[in-house]
Structures are given as C-alpha cells and as structure tokens.
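Participant: Here is the input, now give the coordinates:
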Amino acid sequence: MDNAILFENLDESGTALRDMAEECHDISVLLTSDARSVMMAALGLTGAPTLGEGYALIVNHWNAVGEFAPNTQSRFAMVLAQATRRAEHLGITHWDVSLDPVVCESFIDSRAATDRPPSISTRHVRRSALRAGFTTLRWMGLVDDDPTRSIMLPARSELGTRSASDDEIALLRMHSVARRESRQPLALAFSEATARTSEIPFITYRCLDCLDEPWSVSLPGTRQVKPRIGRLTPWGHRAVKRAIARQRDVGFTMDDRILYGGDRSEGDVSPTASLCGSISQVMARAGLTAEPDLRPASIAYWAGRQAFEAAEDHKIEAAAYALGLRSLDRAAERIDYSWDAR
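Facilitator: Numbers count the residues shown, from 1 in each chain. Take a look at the predicted model:
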C-alpha cells in the first residue's frame, strides 16, 4: 500500500487513536468489538501489515503522539528500519508469526560491517526498538504478541541498581497505563524528576510550582536524600497536567496527596511498597523485570544522569544536587560514572 494513502487513512480514523495513545492506553483493551478487525478496516488492510506498512504506521504514530524524546525516537526509527531490511533479506514480508523470536534475535545479535559482535548496550537498544514497534502495532490491534519478550540479554552493568537507559525510559512511558484513570504515569513522572518511592507518597498539590502548567515539584527528602526541587520532563509535565485536569472534576485541596491516600491503618500497604509495586507493574508490562540491575530507583538515577550530561561544568555536582545526595562519590556510583574516565 502506498504510504501516502496509508497516512491518509490513518488520519481519517486516527482521532480516537491519538486521544487514547496520548495517555498510553492499550487500544485492544478499550475497544468493545474486535480491535484487530476494527483497526484493519479503518486502515484499509486486508491482512497483517507488510513490513513497510507496519513501519510507516509505527513511525507515524510516534510522530503524532510525541511520547519519546526526539533522539530516542530517531534512534528507534533507525534501528527499526535496519530490522525490517534484515527481515526482508531473510524472506519475511509481513508483521506476522514469521517475524518470530528467532528472526528478531538474529537481528539483535547481528554483527556490524566491521564484523565485530555488537556491544551489550547495542543489543539492548535493538531489542527495545523492536519491542516499541510491536507494542505500537499491538495497541492498534494489528499484532497479537511481542516475540522480543522471550529474548533474554546479559545485564547492562555489574551494579546492584544502575541508572535506566533512554530506551528503557521510553518503554516504561509506553507501558505506564494499562487502563483508564491509572496513576502509574504519575509515579513514573515524579520518578523522572528524581523522586524516590519513599518521597512520592508525600507529594501534595502544593508541592507543584503551578497547577495549570506544572514543570517542577518540591520534593520532601528522606533520611538519605536532601529536600530539593525536581524538574519534570516534558513527558512528565503532560502526565501530571492530565492527572490534575481529571482530578478537578472530583475536587481536591492543595494539601491533598497526589498519589497516595492511605493512612497506614491495619492492613493498609505502606506508601513506599505501594509505589514500588506500581512501578514494578510498569516494568513487567514493558518486559524489563528480567533486568537484575534495573529497579524503581533506576528511574531517578536516569534523571541524575540527565542532569550530569546537561551541565556544562561541575557535572558531578549537578548530578548530586539533582539526586539530593551529599556525597559526590555516591552520586557518581548512582549514575555509573567513573572518576577515572575524566
């Protein structure tokens, strides 16, 4: 199918898709009738999309939703293009059962032009890009499964808990909502602002700099980390803004806690355990629970790494400040920075 026609058909049927996708809803869960037949009819498909059609749908969806950072989206699109070219070379023509774990793994482990084996990091990025593509098509009801979920890779580090990578953050955002009114995007949004799971339950509406356009949050600190101002990412900004807009219909006071309403009464789950559980559920849906060094705190450490890379000078100090740490050595460990690398 011509890509221009494909995009025109997507635009004709895409309003509801985009509205749902903005909140990362699983389309196959929300449609009352068969998602596959509905989306295939709307997109003018008579069977599983070809590799070219599927690629166009995926990239067009990412452009419309804008949930990835530009660099991550560009890299995912490039890797996915490489994967489809390799699949075509192997005789695969459609996004169907023929694009199975064996084919996906052969691409993930494929050697570069120099005939060198890919690094562990490259293999993880390739798997993440494929996983993001399959997830997008599954939301549209065009595929049933994700063959990459059965592909296990070596750990990215030897740390007990490392900072998450950009591609893992992208997958977590994609999978942060499984149903309407989920507050898991909020947990992820505040984690991306360096909040720990022991801080998030105590964030109130008063902690936000602005209810209409929230871009920062005052974090209370713990015995291990100092109180500080956390900066919301653009994705986090949208997640918090949407949550506040929904909550206005119910009503709240400025001193209400945004995420955790428990009172620690008998049988009530502790706030930290509740938040850890929520983030762990997102990790499970994203297929990242097999990563032994990836934990809920990894998201905050990713934010510390972002602060480190954004600073022009005093980089490790910037990371320590963002993470609320008093020790530069501890900050370096959290973002996997080696003093010997300077």
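Participant: What helix or strand is Pro117 located in?
Facilitator: Pro117 belongs to no helix or strand when elements are defined using DSSP states H and E.
Participant: and what of the one 4 residues further on?
Facilitator: Under the assignment given by DSSP H and E, the secondary-structure element containing Ser121 is helix 120-139.
Participant: Equivalent analysis for Ala155, please.
Facilitator: Applying DSSP H and E, one finds Ala155 in no helix or strand.
Participant: and if you look at the one 4 residues further on?
Facilitator: Following DSSP H and E, one finds Leu159 outside all helices and strands.
Participant: Check Ala245 too.
Facilitator: helix 234-248.
Participant: What residues sit buried inside that helix?
Facilitator: By 16 or more other Cβ atoms under 10 Å, the buried positions in helix 234-248 come out as 235-241, 243-244. Yep, even glycine has a C-beta here, placed from its N, CA and C like the rest.
Participant: Using a markdown table, lay out these together with distance to Leu323 and pLDDT.
Facilitator: Putting the buried residues of helix 234-248 into a markdown table (distance: Cβ to Cβ, whole Å; pLDDT from 0 to 100) gives the following:
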| residue | distance to Leu323 | pLDDT |
| --- | --- | --- |
| Trp235 | 19 | 92 |
| Gly236 | 16 | 94 |
| His237 | 20 | 94 |
| Arg238 | 23 | 91 |
| Ala239 | 21 | 91 |
| Val240 | 20 | 94 |
| Lys241 | 25 | 93 |
| Ala243 | 24 | 90 |
| Ile244 | 26 | 93 |
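Participant: before we move on, the earlier item: for the helix holding Ala245, give me every contacting residue.
Facilitator: 22-23, 67, 69, 173, 176, 181, 183, 185-186, 188-190, 192-193, 205, 208, 211-215, 217, 232, 258 (Cβ atoms under 8 Å, 6 or more residues apart in numbering).
Participant: low pLDDT regions in the stretch 101-250 of the chain?
Facilitator: 178-181 (pLDDT under 70).
Participant: thinking again about what came up before, apply the buried test to the contacts of helix 234-248 and list what passes.
Facilitator: So, by 16+ other Cβ under 10 Å, the buried ones in the contacts of helix 234-248 are 23, 67, 69, 173, 176, 183, 185-186, 188-190, 192-193, 205, 208, 211, 214-215, 217, 232, 258.
Participant: Tell me which of those fall in helices.
Facilitator: 173, 185-186, 188-190 (DSSP state H).
Participant: Mind putting those residues into CSV with distance to Ile108?
Facilitator: Compiled in CSV, those are given as follows (distance: Cβ to Cβ, whole Å):
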residue, distance to Ile108
Arg173, 22
Pro185, 29
Leu186, 33
Leu188, 26
Ala189, 30
Phe190, 32
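Participant: Of those, which is the nearest to Gly160?
Facilitator: Leu188 (21.4 Å; Cβ to Cβ).
Participant: Just to check, the closest one is in contact with Ser280?
Facilitator: No: the pair Leu188 / Ser280 is not scored as a contact, 11.7 Å apart, by Cβ atoms under 8 Å.
Participant: Asp209 contacts Trp215, correct?
Facilitator: Yes: look at Asp209 against Trp215 with Cβ under 8 Å: they come within range, at 6.1 Å.
Participant: From what I see, Gln73 and Trp62 are in contact.
Facilitator: Yes: contact criterion Cβ under 8 Å: Gln73 and Trp62 qualify, at 5.4 Å.
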